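Colleague: The following block contains a protein sequence and its predicted model.
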Amino acid sequence: MSDKDLLIVGAGLGAFRVAEQLRRRGYCAKITILGAEPHRPYDRPPLSKGMLRGEIQSSEFPGTDELDVDWVLGSRAVSLDIGGNCVVADDGKSYGYSMLVLAPGGRARTLPHLGAGPGLHVLRTIEDAIALRASIQPDRRLIIIGAGFIGCEIAASARQMGASVDLVEALPAPLARVLGTQAGSKVSALHKHHGVRLHMGEMVAEILRNHEGVLSGVGFKNGTKIEGSDVVIGVGMVPEIEWLAGSGIALQDGIVCDSGGRTNVPNVFALGDAAQWWHELASENRRVEHWTTTTDQAAAIAANIAQDPADPPVRLTAAPYFWSDQYDTKIQGIGFIDPSDEIDELTIRGRSVLLYSREGVVRGVVGFSIPGAVMRTKSLIERRAPVREAIELLAA
């Protein structure tokens, strides 16, 4: 084994981008990608949009054949032996490495008290999207539990497909957990306008089934019941890190990394939904589940693996960026957004922009179909500018 041979655990966006960036940098050592799913890396955001609606049939990243990678797909990592420099998979085989990148991603969070069975869905994989697509029909009523990004996007797609939709959320408004109720009220109005029935501040206590076991609706904790033919649980994801327990890798709601993707173990990096990087802007380690953050992390890790060890490490300093397409509205955000922050709202060309600040310093911005305004604030957030400077810039 070469002292540069690389094993990447996980076959998603992070794995693909690390391999791609390394090959672009002239990295010639062997790269093996070990993935639990039977697919080569594919793009997940379309699962709740174009793929769910049947507009596209595949979201596999182009160029996987050109990476000169050994693919080991359909095999899940089950343990890591740091001393032996190897990962054991559920196929019984051990995969050695000199350099290791952990990109295991996560799985859909479930609600165990609701049980399982026909008509109950999550959305995390291609198979999930295909199964859910078959259940969304104009004559059927879909109930979505959870009004975060995934729940809202599924609701929008289902309405565009003609289905009847109920959106259930324990908090007062959609996206309240991540954006706050001020932004959430705008998302609420958007879905109401498109005919979604909202049940905010409600918690689902049970799945209702008829005497034949066919799903017929849900029951809330307050005793109210609503009818439905299918239920989607969209309450976030759980990082796939249990298999690393006891390995010596530092874990804390994710794989703990510095700002260049290094773990506490030499020659072991991590990125993506399961990785908790140090972020200078947040002044703490954060797990950031954004597509663009994973791409930025991959570029930093590839640079750190490929460069001369004597060179200073590459660190990720960019403000996180995200977007969500719902109907004809694109919600975009940048920075570390906390619903408890002070919020200033501007209207620019009839579109809403919310600025999140703490102690007078702008920390994040969210816009509704006004991408130019959001991106203009990026440098201000990264240099911790006064919020009044951001307001003046956008109001000019």
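Modeller: Everything's here; your move.
Colleague: Please count neighbours and contacts with C-alpha atoms only from this point.
Modeller: Fine.
Colleague: now the strands for the stretch 51-200 of the chain?
Modeller: Under the criterion DSSP state E, counting those that start in this stretch, the stretch 51-200 of the chain contains strands at 70-73, 77-81, 86-89, 94-96, 99-102, 106-108, 120-121, 141-145, 164-169, 197-200.
Colleague: Go through those and name the closest to Tyr42.
Modeller: strand 70-73 (12.9 Å; C-alpha to C-alpha).
Colleague: which residues are in contact with that closest one?
Modeller: Contacts of strand 70-73 with the rest of the structure, by C-alpha atoms under 8 Å, 6 or more residues apart in numbering, involve Ala11, Lys30, Ile31, Thr32, Ile33, Leu34, Gly35, Ala36, Glu37, Pro38, His39, Arg40.
Colleague: Pull out the buried residues from those.
Modeller: Buried members of the contacts of strand 70-73, scored by 16 or more other C-alpha atoms under 10 Å, are Ala11, Ile31, Thr32, Ile33, Leu34, Gly35, Ala36, Glu37, His39, Arg40.
Colleague: Would you confirm that Arg109 contacts Val235?
Modeller: Yes: the criterion here is C-alpha atoms under 8 Å, and Arg109 meets it with Val235 at 6.1 Å.
Colleague: So these two - more neighbours on which side?
Modeller: It is Val235, of Arg109 and Val235, that has more neighbours when counted by other C-alpha atoms under 10 Å, with 20 against 16.
Colleague: How about the contacts made by that one?
Modeller: Per C-alpha under 8 Å, 6+ apart, neighbours of Val235: Ala108, Arg109, Thr110, Ile145, Gly146, Ala147, Gly148, Gly151.
Colleague: what pLDDT does it get?
Modeller: Model confidence at Val235, given as pLDDT, is 97.
Colleague: The stretch 1-150 of the chain: helices as residue ranges?
Modeller: 13-24, 126-135, 149-160 (DSSP state H, counting those that start in this stretch).
Colleague: between those helices, which gets nearest to Asp328?
Modeller: Taking these one by one with C-alpha to C-alpha, helix 149-160 is closest: 9.5 Å.
Colleague: What angle do strand 141-145 and that closest one make with each other?
Modeller: Using axes from the mean of the first three to the mean of the last three C-alpha atoms, to 10 degrees, the inter-axis angle of helix 149-160 relative to strand 141-145 is 170 degrees.
Colleague: buried set for stretch 41-49?
Modeller: For stretch 41-49, burial by neighbour count (16+ other C-alpha under 10 Å) applies to Pro41, Tyr42, Arg44, Pro45, Pro46, Leu47, Ser48, Lys49.
Colleague: quick one, domains of this protein?
Modeller: Per the record, the chain has its domains at 6-106+238-306, 110-233, 328-395, by automatic domain parsing.
Colleague: would TSV of the ones you listed with distance to Arg315 be doable?
Modeller: Converted to TSV, the domains of the chain look like this (distance: least, C-alpha to C-alpha, whole Å):
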stretch	distance to Arg315
domain 6-106+238-306	4
domain 110-233	26
domain 328-395	14
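Colleague: For Met206, list the residues it contacts.
Modeller: Not quite, residue 206 is Glu, not Met. For Glu206, the contact set (C-alpha under 8 Å, 6+ apart) comprises His113, Leu114, Val218, Gly219, Phe220.
Colleague: Longest helix in this structure, please.
Modeller: What stands out as the longest helix in the chain, according to DSSP state H, is helix 291-306.
Colleague: ok, residues contacting it?
Modeller: Helix 291-306 is contacted by residues 13-15, 17-19, 21-22, 25, 27, 260-262, 269, 271-273, 313-316, 320-322 when judged by C-alpha under 8 Å, 6+ apart.
Colleague: Any quick ChimeraX command for the buried ones out of these?
Modeller: Filtering those down to the buried ones (16+ other C-alpha under 10 Å) takes a single ChimeraX command:
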select :13,14,15,17,18,19,21,22,27,260,261,262,269,271,272,273,313,314,315,316,320,321,322
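Colleague: ok so, going back, which pair in the buried ones among the contacts of strand 70-73 has the greatest spatial separation?
Modeller: Farthest pair in the buried ones among the contacts of strand 70-73, by C-alpha to C-alpha: Ile31 and Glu37, 18.0 Å.
Colleague: pLDDT of stretch 348-357, averaged?
Modeller: Here the average pLDDT along stretch 348-357 is 97.
Colleague: buried residues in it?
Modeller: If you call a residue buried by 16+ other C-alpha under 10 Å, then stretch 348-357 has these buried ones: Ser352, Val353, Leu354, Leu355, Tyr356, Ser357.
Colleague: Report the distance from that stretch to the chain centre.
Modeller: Using C-alpha atoms, centre = their mean, to the nearest Å, the distance from the centre of stretch 348-357 to the centre of the chain it belongs to is 24 Å.
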